[in-house]
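**Student:** Sharing a sequence plus its predicted fold:
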Amino acid sequence: MAYALSFKTIRAKTTLYAVIQDKETSKFWDEVSDVWVDEITDACNLVLTESADKGVYTGSATFDPVKGGIYQISIFDSADADYQMDTVEVYASKSETVLEVINAIQLELRMPLSAALTDNFAKIILAKMNTILTTVLPDRNIFDHLKVQGSFTINSTRPLYRLSPVNVDFVDAITFLRLPDLFFIDKATDDITFRTMADSSNAMLTYAQPSLYRIAQRDHGYPIIEFTPQPDKAYIISYEILKAAKKMTTATEYVPKPDVIKAGAHMLMLQSQGRDASAEVEVFRMALDRCATVGANTNFGDFEV
């Protein structure tokens, strides 16, 4: 097994590399010796190469991620000393695969167990699972499995920044941007307010700690962020974003919120067959309620809809 990385940036970069840190041990992965080490060396640099999908850079570390492990992936550009994009990724500890969940639902429905996703029964159940994942959970404001944290650097030489966390295909929303002194950078209420403040700062050649940002545009699924005042020096900006839920497509990938998705897909299957699903509706409701209101890091009240 390996730790696969995917990162989106501008095309034709030949100088990108990644460094991976285990946040629980503070050690760094040495790609040459295949061991965790205490200090970063050149052997920790994992070179990223541009894929056939232009602008998407990929690489693969040689270690097996630990279930429940917390890893920080730092992207560096050897041609730009100030550039750094950090992403903190949690490797799921409760890991049921797509096929395992499908088989569990089939067992409840007294159906034959699928060996792959190629038969129609498996495809139908997978469609129900994706409905729960991409439609029902966001509708119930259950976002904690979509949260991604990290940081990136800004400086006075670049006005625009692509927020592109590692292994994220689409940034759905930014929950916060924060400076090292814990000062939160506010989002402009509208573009006119931002432009007025930015033009005033630029006219007076005022360079300072940024206090306002706007999403200037999007590059496919990634927001392009502009700050004002223009930075007077390099700053490390901490972020938290919500990534868009991604449809499950393969038998071996892990299912987020497996208990909730299993209960919801089971309910939808019974309803589609015209069978009594009243008990399953109640089970699914309780699973949703518990998912949204318990745990150390829930989305209860921390995301404005």
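**Tutor:** Thanks, I have it.

**Student:** Please count neighbours and contacts with C-alpha atoms only from this point.
**Tutor:** OK.

**Student:** any idea how far the closest residue to residue 224 other than its chain neighbours lies from residue 114?
**Tutor:** Leaving aside its sequence neighbours, residue 224 sits nearest to residue 162 (C-alpha to C-alpha, 6 or more residues apart in numbering; 4.5 Å). Separation of residue 162 from residue 114 (C-alpha to C-alpha, to the nearest Å): 42 Å.

**Student:** More neighbours: which of those two?
**Tutor:** More crowded of residue 162 and residue 114, by other C-alpha atoms under 10 Å: residue 162, with 20 against 17.

**Student:** separation between the more buried one and residue 53?
**Tutor:** 18 Å.

**Student:** again with residue 154
**Tutor:** Residue 154 sits 26 Å away from residue 53, going by C-alpha to C-alpha.

**Student:** ok, these two, which is more surrounded?
**Tutor:** Comparing residue 154 with residue 53 by other C-alpha under 10 Å, the one with more neighbours is residue 154, at 22 against 9.

**Student:** Backbone torsions only: list them for the more buried one.
**Tutor:** Note on residue 154: backbone dihedrals following degrees, to the nearest 10 are phi -130, psi 160.

**Student:** isn't it right next to residue 231, touching?
**Tutor:** Yes: here residue 154 lies in contact with residue 231, judged by C-alpha atoms under 8 Å, at a distance of 7.3 Å.

**Student:** Outline the domain layout of this structure.
**Tutor:** Domain segmentation of the chain under automatic domain parsing yields 3-90, 98-142+257-293, 144-243.

**Student:** Just send those domains back as JSON lines, with mean pLDDT and distance to residue 249 too.
**Tutor:** Below are the domains of the chain laid out as JSON lines (pLDDT from 0 to 100; distance: least, C-alpha to C-alpha, whole Å):
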{"stretch": "domain 3-90", "mean pLDDT": "91", "distance to residue 249": "17"}
{"stretch": "domain 98-142+257-293", "mean pLDDT": "93", "distance to residue 249": "8"}
{"stretch": "domain 144-243", "mean pLDDT": "89", "distance to residue 249": "15"}
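
**Student:** In JSON lines: these, plus distance to residue 250.
**Tutor:** Formatted as JSON lines, those follow (distance: least, C-alpha to C-alpha, whole Å):
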{"stretch": "domain 3-90", "distance to residue 250": "16"}
{"stretch": "domain 98-142+257-293", "distance to residue 250": "7"}
{"stretch": "domain 144-243", "distance to residue 250": "17"}
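
**Student:** what's the closest of those domains to residue 251?
**Tutor:** Among those, the nearest to residue 251 by C-alpha to C-alpha is domain 98-142+257-293 (4.9 Å).

**Student:** Show the contacting residues for residue 117.
**Tutor:** Residue 117 makes contact with 99, 123, 250-251 under the criterion C-alpha atoms under 8 Å, 6 or more residues apart in numbering.

**Student:** So which of those residues wins on neighbours?
**Tutor:** Counting neighbours by other C-alpha under 10 Å, residue 99 leads the contacts of residue 117 with 23 neighbours.

**Student:** if I look at that residue, how far off is residue 121?
**Tutor:** From residue 99 over to residue 121 the distance is 12 Å, taken as C-alpha to C-alpha.

**Student:** Next, show the common contact partners of the two.
**Tutor:** Contact criterion C-alpha under 8 Å, 6+ apart; residues shared by residue 99 and residue 121: residue 114.

**Student:** who are the neighbours in contact with residue 152?
**Tutor:** Contacts for residue 152 (C-alpha under 8 Å, 6+ apart) come out as 83-86, 236-238.
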